[in-house]
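Only the shape, not the letters, is given here:
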């Protein structure tokens, strides 16, 4: 019995070492590719940054009116975005090379699938990021606008606006990449219904006093002295 | 390639019929039916009384009023010579009412007036707001004569205003403009100006008419360009300024963005100039100065203070990107006070305005949002000023503003540092 166990153990160890040794050059080459790819990505980023600065991309973007558009979306440097894009391209190429070095057949299959899936992924990721940026801009505008209009729950409104846009864009993005085609819309519907119900309750409860005051004013209108006490004739300009 | 003509063919034809004018008085308007008749009459009478031999045109540039403003201009009769004139006009005074094109706003109206003045070859051009209730024929004399007789290029207005009228001028635009460019022009966004032919041509040649300058930024732009262009400046004492209240529905934050946005963009254009300026010098005042009585106005500082406190509570995350930690702490302390205990002192106020200018320059966030987010700060400063000056007379208020301007000038190094380093 003990002999059988020893044999099984020895065979397993032999196979493991044989396959590991067979795979070792691939792993080493993969690691080499990873190191070279990472270095190249960093280098390409620096070169791109230098070239973009020399070609005055920021100034050109400013001239074309792109800067203010990007600013609104929370992107304060066109150069930084382009540099990051170059680095992402290098990272994807490095990942593909590493996979090819480990298993050409598997890598070929994955690459094929990846390229078939790529358009959906690109659209999905784009929708998601546009959603994030839009949420950021809208949330800031809602916050400032609500404070300047004297609304009491400015931060809550801004948070709701941000969360709503992120949720919506996430749902659309997931739909595009093919994840949870039925679950996501259903979840969204339930969530939206919940938010609508909550808002209806909040507005109803929140305006109770307002409606009460309006009815009271109809029964007994305010005197000119009441109105006068709150008046403001200041001319800012 | 020459710039496209901004005037409509029919307007060009009417200007062609007139041929030449020595003086053009422009009146930009939008829904000013209640007051424009008085302004046109004052302009016509002033021209007839003080410049009887000059060929003059009163030009109304209207932004599409639907309340009959252009019709009132067209139907306003000339001066009653028997009552007001010592010498009779030798030449008729022509009136034109023309719509303007481009971005909606006062700046586009000014552009139309300046272009017409240029085409008519006017030696002097005066502009008066259409909502004025206190304009007299003497205003036209005071705005035009320094250009025609004393070779000034730019005549800024100098009024007596109620101590709480024009708070954005008193607390922001005047101190900042004075500290930046070293010229003590008391009403840099007054709205009524006299301009020489050379300056009109200078204005028309600048590529800014499709920006916020074409909206509410025009007044500060004109003043700044006159200073930085090296033109000779003076101020004309016009007495009291009384005008129709601005549309209460108008968004104050949008107007703040347009005016402060223009101030800050001009700082970028003229950085080399203002960085070198130290202190300030007075600008000559023409006209006989006298005191005037002004109607009291109701002010509600509690509402402004409430606005300020909401800002401190909710906008901290945005303000932190612009202001020093110490200044933020002072703001929080100020927000914890009420009534007469509340104050935003001059040094803190100067720091906040300068830090906003630097943040705008360094684009720490979207520029318009930065300015809009500071409306509660401005409200807080006005509440502080109103509370402090509640019992002060006009002279005391003026002395207090002089003190504020001195602080802005002293703190200019803070601006220089933040402008260069961003922190």
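That came through fine. Remember, predicted model here, so these are calculated numbers, not experimental data. Residues are numbered from 1 along each chain as shown, chains lettered A, B, ... in the order given.

got the contact list for the closest residue to residue B:380 other than its chain neighbours?
Excluding the flanking residues, the one nearest residue B:380 by Cβ to Cβ, 6 or more residues apart in numbering or on different chains is residue B:308, at 3.1 Å. In this view, the C-beta of every residue, glycine as well, is placed from N, C-alpha and C. Applying Cβ atoms under 8 Å, 6 or more residues apart in numbering or on different chains, we find residue B:308 in contact with B:334-335, B:376-377, B:379-380, B:383.

Same check on residue B:193?
Here residue B:193 is in contact with B:126-127, B:143, B:154-157, B:219, B:222 (criterion: Cβ under 8 Å, 6+ apart).

Equivalent analysis for residue A:95, please.
residue A:37.

tell me which element it falls in.
helix A:78-102 (DSSP states H and E).

Could I get the average pLDDT for that helix?
Helix A:78-102 comes out with an average pLDDT of 85.

Return the residue spatially closest to residue 188, with its sequence-adjacent residues excluded.
Using chain A. Nearest residue to residue A:188, sequence neighbours excluded (Cβ to Cβ, 6+ apart): residue A:171, at 4.7 Å.

please go with chain B instead
residue B:223 is the one closest to residue B:188 (Cβ to Cβ, 6+ apart), at 4.2 Å.

wouldn't the one you found be in contact with residue B:186 here?
No. Counting by Cβ atoms under 8 Å, residue B:223 does not reach residue B:186; the two are 10.8 Å apart.

what sits in contact with each of the two?
Common neighbours of residue B:223 and residue B:186 (Cβ under 8 Å, 6+ apart) are residue B:156.

what packs against the one helix or strand residue A:22 maps to?
Using DSSP H and E, residue A:22 sits in helix A:2-54. Secondary-structure packing of helix A:2-54 (3 or more Cβ pairs under 8 Å, 6 or more residues apart in numbering or on different chains; DSSP states H and E): helix A:78-102.

in the helix it packs on, what counts as buried?
Across helix A:78-102, burial judged by 16 or more other Cβ atoms under 10 Å in any protein chain shown covers A:78-79, A:82-83, A:86-87, A:90, A:94-101.

next structured bit after that helix?
helix A:104-148.

could you give the angle of that following helix to helix A:2-54?
50 degrees (axes from the mean of the first three to the mean of the last three Cα atoms, to 10 degrees).

From the chain's centre, how far out is helix A:104-148? Work that out for me.
6 Å (Cα atoms, centre = their mean, to the nearest Å).

what about residue B:237, how many neighbours?
Using other Cβ atoms under 10 Å in any protein chain shown, residue B:237 has 17 neighbouring residues.

Are we agreed that it is in a helix?
No. Residue B:237 sits outside any helix when classified using DSSP: H, G, I helix; E, B strand; the rest coil, being strand.

how about the nearest residue to it, chain neighbours excluded?
residue B:287 (3.6 Å).

what do you get for residue B:271?
Nearest non-adjacent residue to residue B:271, counting by Cβ to Cβ, 6+ apart: residue B:419, 7.4 Å away.

Quick one: residues contacting residue B:158.
B:186-187, B:235-238, B:285, B:287.

Same question for residue B:98.
Residue B:98 is in contact with B:7-8, B:11, B:14, B:59-62, B:112, B:116, counting by Cβ under 8 Å, 6+ apart.

rerun that using 7 Å as the cut-off
B:11, B:59, B:61, B:112 (Cβ atoms under 7 Å, 6 or more residues apart in numbering or on different chains).

can I see the domain layout of the chain?
Reading this off chain A. A:21-102, A:106-203 (automatic domain parsing).

my bad, chain B
Following automatic domain parsing, one finds the domains of chain B at B:9-286, B:301-421.

Chain A contacts on the stretch 251-400 of chain B?
Residues of the stretch 251-400 of chain B lying close to chain A by Cβ under 7 Å from any Cβ of the partner chain are B:252-253, B:297-300, B:303, B:307, B:310-311, B:314-315, B:363, B:366-367, B:369, B:372-373, B:375-376.

Can you select the buried ones among these for me in ChimeraX?
Listed next is the ChimeraX selection for buried residues among these, using 16+ other Cβ under 10 Å:
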select /B:252,253,299,300,307,310,311,314,315,363,366,367,369,372,373,375,376
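
Sketch out the low-pLDDT regions of the chain for me.
Let's take chain A. Applying pLDDT under 70 to chain A picks out residues A:62-76, A:180-181, A:184, A:202, A:205-213, A:216-233.

try chain B instead
Along chain B, segments meeting pLDDT under 70 span B:1-3, B:77-92, B:100-104, B:212, B:214, B:216, B:245-250, B:422-423.

All the strands of it, residue numbers only.
B:23-29, B:56-62, B:93-99, B:124-127, B:154-160, B:183-184, B:193-196, B:233-240, B:281-282, B:285-286 (DSSP state E).
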